[in-house]
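>>> kindly generate the corresponding structure for this input.
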Amino acid sequence: MDPVIVGVGIVLVIGMGVAGYQAGRRRMPVADISSAVSRRLEEYEFYPFVVNPAGHVEFSTDAFDEAVEYFLTQRNERAAGELIVIGEQNLVRDTFPTDRLERYKQLYASYDGDAVVSDNEAFLENYRRIVNQIGRSFPNTGIEILLHNLVNPAQSLVAIENAAVTGRSIGSGATNLVLDLKTRRQRGEDKVNYELNIGSRRFKCTTIPIFRPDFGLVGAICINIDSRFLREYVMHSEERLNAFFDNFLRTDFQLDENILSKDEYQNAVNGKRHFFDEAIRTTGAGSQERKLAAILFSDIVGFTALMSADEGATLRIMEANEGIHRVALATHRGRLLKKLGDGMLASFGSAWDAVACARDIQRAVGEDGRFQVRIGVHLGEVLQTDGDVHGDGVNIASRIQSEIDPGEIGISAVVYDNIKNKEGLVARPLGERTLKNVAVPMMLYSVDT
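So this is what the prediction gives:
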């Protein structure tokens, strides 16, 4: 049995782009030209990242120098700010010769580089809190989560939880991560779910880049899982496996509130224990498909008398009725299961969608003025077999519509419980009714249209 591992996804995507060649190497993508004072750095020909023939992104010091010289004479706060971020990311202070570094320092001072760097630290502060809180949720599980500030790659690690997994600490560097992430971005990939082997250690790692609209790549969240700890230590001992899951599922207190969707709430009330519960999520056999759904059953009032009086006019009414239903079903994500002469049977993923659809149908029928319909709505099981549809959900919805007056929408108590707190909904109780072929009397309600 493989322990469940939590993944964390935080993706803020800002495109980087392409055009031009330099010394036999492709530049990264460039965008359309815009106003000179608001152009992104990547819109200039001297964007300092290029793609080599092997498809890897490289930092171009020549293009970087060209950009520095340009922005020392042509003001563009946005592009120059991004250039400062790139300069810090690529450690130009440690690698450039004195004369070239001096020009960069002039640019840094001219555009208040300290403010750019500190602003990014503030931007990442909320990510720091996220990393801390998520990491503290899973102690002693072999799961490490950390945050890199990639504007300062020499000391990029600014937050870490469960650091014993890799032995790293605040202030550790990640000097190759910037180019690695940019290379993967260039290939249309995100660096996720890769294996990392270091000597006898083996990890499953996930890296999620953090992008800013004005500065591009500025950080990354990394999740590192000690796979050998789980496979070789935890899984071979029932006591350790239980301890792992105790830590993984540890809570601080218990809340009594509903976080489920309305249909999942009803599944839970009916006995569903977990999201993969086979007893509820039936796989079906042969051509049968069973599912829990909100069922809408509608019927034209006095259809037989209408046909006797004017068959042609009644057929036109049926066409109008079908058109009204199809429009309402499309609006409220309903599925037409079956046409039953003058009746319509449809299913929905939620009770509220079914009731909202029924209200639209009744309003449209009222505006037509030539006929009336009754509509019943129930939440129950539907069985589809060889193209036919039946089951308790269908039967009860049909019985409900036969119990109400023309122009009304009748709903069962289980539907009412799911929608009673919806704003603008008015429903009056009709009392308990004994429905045909239903053993227990059911409480019904009428919904105002």
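
>>> Phe248: neighbour count?
Using other CB atoms under 10 Å, Phe248 has 18 other residues around it. (Each C-beta comes from the backbone N, C-alpha and C, glycine too.)

>>> biggest helix in the protein by residues?
Secondary structure assigned by DSSP state H gives helix 311-331 as the longest helix of the chain.

>>> pull out the buried residues from that helix.
By neighbour count with 16 or more other CB atoms under 10 Å, helix 311-331 contains the buried residues 314, 317-318, 321, 324-325, 328-329.

>>> likewise for stretch 397-406?
397-401, 403-404.

>>> and it, end to end?
Taking CA to CA, to the nearest Å, stretch 397-406 runs 15 Å from one end to the other.

>>> from the contact counts, what lies against the helix or strand containing His378?
Using DSSP states H and E, His378 maps to strand 373-385. Other elements packing on strand 373-385 under the criterion 3 or more CB pairs under 8 Å, 6 or more residues apart in numbering; DSSP states H and E are strand 288-300, helix 351-368, strand 388-390, helix 392-402, strand 409-412, helix 413-419.

>>> could you check the angle that strand makes with strand 288-300?
Inter-element angle recorded for strand 373-385 and strand 288-300: 160 degrees (by axes from the mean of the first three to the mean of the last three CA atoms, to 10 degrees).

>>> could you give the separation of strand 373-385 from the chain centroid?
The gap between where strand 373-385 is centred and where its chain is centred comes out at 30 Å by CA atoms, centre = their mean, to the nearest Å.

>>> out of everything not next to it in sequence, what's closest to Phe229?
Gly142 (4.1 Å; CB to CB, 6 or more residues apart in numbering).

>>> that neighbour: neighbour count?
Based on other CB under 10 Å, the number of other residues close to Gly142 is 24.

>>> equivalent analysis for Glu161, please.
For Glu161, the neighbour count with other CB under 10 Å is 19.

>>> go on, Val355?
Each residue near Val355 was counted by other CB under 10 Å, and the total is 26.

>>> and the one 3 residues further on, by the same measure?
By the measure other CB under 10 Å, the count of residues near Ala358 is 29.

>>> pLDDT wise, what is it at?
For Ala358, the pLDDT comes out at 95.

>>> and it, how far from Gly407?
11 Å (CB to CB, to the nearest Å).

>>> residue with max distance from the center of the protein?
Ala309 (54.7 Å; CA atoms, centre = their mean).

>>> what's the closest of the buried residues of helix 311-331 to Gly188?
Closest to Gly188 out of the buried residues of helix 311-331 is Leu329 (37.7 Å), distances taken as CB to CB.

>>> surely the closest one and Arg335 touch.
Yes. Contact status for Leu329 versus Arg335: in contact at 7.1 Å, counting by CB atoms under 8 Å.

>>> overlap in contacts, these two.
Ala346 (CB atoms under 8 Å, 6 or more residues apart in numbering).

>>> where's Gly424, which helix or strand?
Judged by DSSP H and E, Gly424 forms part of no helix or strand.

>>> burial count for it?
Counted with other CB under 10 Å, residues neighbouring Gly424 total 6.

>>> per-residue pLDDT, it?
pLDDT, Gly424: 82.

>>> care to break the chain down by domain?
Per the record, the chain has its domains at 1-251, 288-447, by automatic domain parsing.

>>> hmm, Ser412 and Leu379 touching each other?
Yes. Using CB under 8 Å, Leu379 is in contact with Ser412, at 6.9 Å.

>>> from the buried residues of helix 311-331, which is closest to Tyr265?
Lowest distance from Tyr265 to those (CB to CB) belongs to Leu329, with 23.2 Å.

>>> returning to that earlier point: what's the closest of the domains of the chain to Lys262?
domain 288-447 (4.7 Å).

>>> now that closest one: how far from the chain's centre is it?
Distance of domain 288-447 from the chain centroid (CA atoms, centre = their mean) equals 32 Å.

>>> so where's this structure uncertain?
Flagging of the chain using pLDDT under 70 yields the residue ranges 1-37, 175, 191, 278-289, 384-389.

>>> hey, where'd the helices end up in the stretch 51-200 of the chain?
Assigned by DSSP state H, counting those that start in this stretch, the stretch 51-200 of the chain shows helices spanning 61-73, 77-89, 92-95, 98-110, 113-123, 125-136, 177-186.

>>> what angle do the last one and helix 77-89 make?
Spelled out, that is helix 177-186. Going by the same axes, to 10 degrees, helix 177-186 makes 120 degrees with helix 77-89.

>>> the first one too?
Between the direction of helix 61-73 and that of helix 77-89, the angle (the same axes, to 10 degrees) works out to 140 degrees.

>>> and the closest residue to Ile317 other than its chain neighbours, what element?
In space, and not counting its chain neighbours, Ile317 is closest to Phe371: 4.9 Å by CB to CB, 6+ apart. If you go by DSSP H and E, Phe371 is not part of any helix or strand.

>>> phi first, then psi, for Phe371.
Backbone torsions for Phe371, taken as degrees, to the nearest 10, come to phi -160, psi 170.
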